[in-house]
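Enquirer: Next come a sequence and a model predicted from it.
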Amino acid sequence: MKRSISLNCQKIVIKVGTRLLTYDTGKLNLGIIEKLVREMADLKNQGKDVVLVSSGAVGSGIGRLGLKRKPVSVQEKQAVAAIGQGLLMQCYEKLFSEYGHIVAQVLLTREDLNNRKRYINSRNTLLHILKFGAISIVNENDTISTEEIEFGDNDKLSALVATLIDADLLIILTDIDGLYTANPRLDPTASCIPLVEEITTDIKKVAGKTEEMLAKGGMTTKIEAAEIAMASGISMVIANGREENIIRKILSGEETGTLFCTKQGHLRSRKRWIAFAQKIKGSIYIDQGAEQALKEDGKSLLPIGITKVEGLFASGETVSICDSGGEEIARGLVNYSAEELRQILGCKSIDIINILGYTGSKEVIHRDNMVLC
Ligand code: GLU
């Protein structure tokens, strides 16, 4: 069966995971890498823009050092990634240049996308690399990233990169055929779901069930990536990177893997940054009146509707806005710190000056800096 999604895709982000790129020995799987590079080089020859998000730094570092186990401490992981990343790039540089293509290494941490200025810088760099006709090879900057600033998985990173450059399609290649209804290794009736139009709780449950089939990331992080991509108007496909000519098949509209189709009404670039790129630093709970003002009347959040503040955050950071039942209904950039908010919650904006001794803004979160969930 043909799918109509991909025929006109111009900007394509392709994510390849460690399980495809390396053997259990930690050595690079040259057979697969060569096949995928050939396919991507062919896309470039067709005039498409390609960005590759490649894992495998830690994996190939393990292989290069001949380690018997995965690195445990952060420092060990960072050192192993530093060794493996060079090896990976050497391999990509060699293979892509055989087809006459130029590659660029782009290493990102979550902090680069948290900060609006660095977010825009990263976007400009990636777009300029595309302009030069080169292929960015993106990975998390494992050598400097620690828990606080890491993405944690390259599935999410690939979705953020896709939104960063306004891609048309994100392809996540892994070692299973797509999202299954159950774990096919345990349940013979399990089948691959061809199309997902909405990420429902059922879909999340299904993803959780197939979790143990994959290494780092698993299906859950792929579904999180799909949520980001879909909300940004980008289609996403999860497919088996071992399948012959998989990228060509996806782009010719063949029904392979699981397609996550875009929602209507895309978030604009700045709103995407608020919704996805930022780390959530705390939660603000609001009453029903404020909920209605936000959801139905398109208003800003004022201190009067706030009932509780959780977490430690500074002014300018991103927080969740939750309804009285604790459900997240919006996200936004907050104008006051958590400490200040605890003093002014429930008050009228006019009283802020008397309580704090100064007034920053009458809105706690301005509408322009807010995204409804
Ligand atoms: N950045 C890690 C690496 O290159 C991989 C993270 C992931 O696979 O999600 O080794």
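Expert: It's in.
Enquirer: what about the stretch 201-350 of the chain, any weak spots by pLDDT?
Expert: 209-217, 263-266 (pLDDT under 70).
Enquirer: So which residues of it form strands?
Expert: Ranges of strands in the stretch 201-350 of the chain, per DSSP state E, counting those that start in this stretch, are 235-240, 258-260, 280-286, 306-311, 318-322, 328-333.
Enquirer: Could I get those strands in a markdown table, plus columns for distance to the ligand and mean neighbour count?
Expert: To be clear about C-beta, it is placed using only N, CA and C from the backbone, and glycine gets the same treatment. Shown next, in a markdown table, are those (distance: least, Cβ to the nearest ligand atom, whole Å; neighbours: other Cβ atoms under 10 Å):
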| stretch | distance to the ligand | mean neighbour count |
| --- | --- | --- |
| strand 235-240 | 14 | 24 |
| strand 258-260 | 18 | 26 |
| strand 280-286 | 20 | 20 |
| strand 306-311 | 26 | 17 |
| strand 318-322 | 23 | 23 |
| strand 328-333 | 24 | 20 |
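Enquirer: Out of those strands, which is closest to A293?
Expert: Closest to A293 of the strands of the stretch 201-350 of the chain is strand 280-286 (Cβ to Cβ; 8.9 Å).
Enquirer: Just name whatever secondary elements the closest one is in contact with.
Expert: strand 306-311, strand 318-322 (3 or more Cβ pairs under 8 Å, 6 or more residues apart in numbering; DSSP states H and E).
Enquirer: Can you tell me the SS state at the most centrally placed residue in the chain?
Expert: Closest to where the C-alpha atoms of the chain average out (Cα atoms, centre = their mean) is K156, at 2.5 Å. On the three-state scheme (DSSP: H, G, I helix; E, B strand; the rest coil), K156 is labelled helix.
Enquirer: Identify the residues contacting it.
Expert: 221, 224-225, 228 (Cβ atoms under 8 Å, 6 or more residues apart in numbering).
Enquirer: could you redo the last one with a cut-off of 6 Å?
Expert: 221, 224-225 (Cβ atoms under 6 Å, 6 or more residues apart in numbering).
Enquirer: Tell me the spacing between it and the ligand.
Expert: K156 is 8 Å from the ligand, where distance means Cβ to the nearest ligand atom, to the nearest Å.
Enquirer: Distance-wise, check T146 relative to the ligand.
Expert: Applying Cβ to the nearest ligand atom to T146 and the ligand gives a distance of 13 Å.
Enquirer: Correction: the previous question concerned L28.
Expert: 12 Å.
Enquirer: Tell me which residues of stretch 93-108 come out buried.
Expert: 93, 95-96, 101, 103-108 (16 or more other Cβ atoms under 10 Å).
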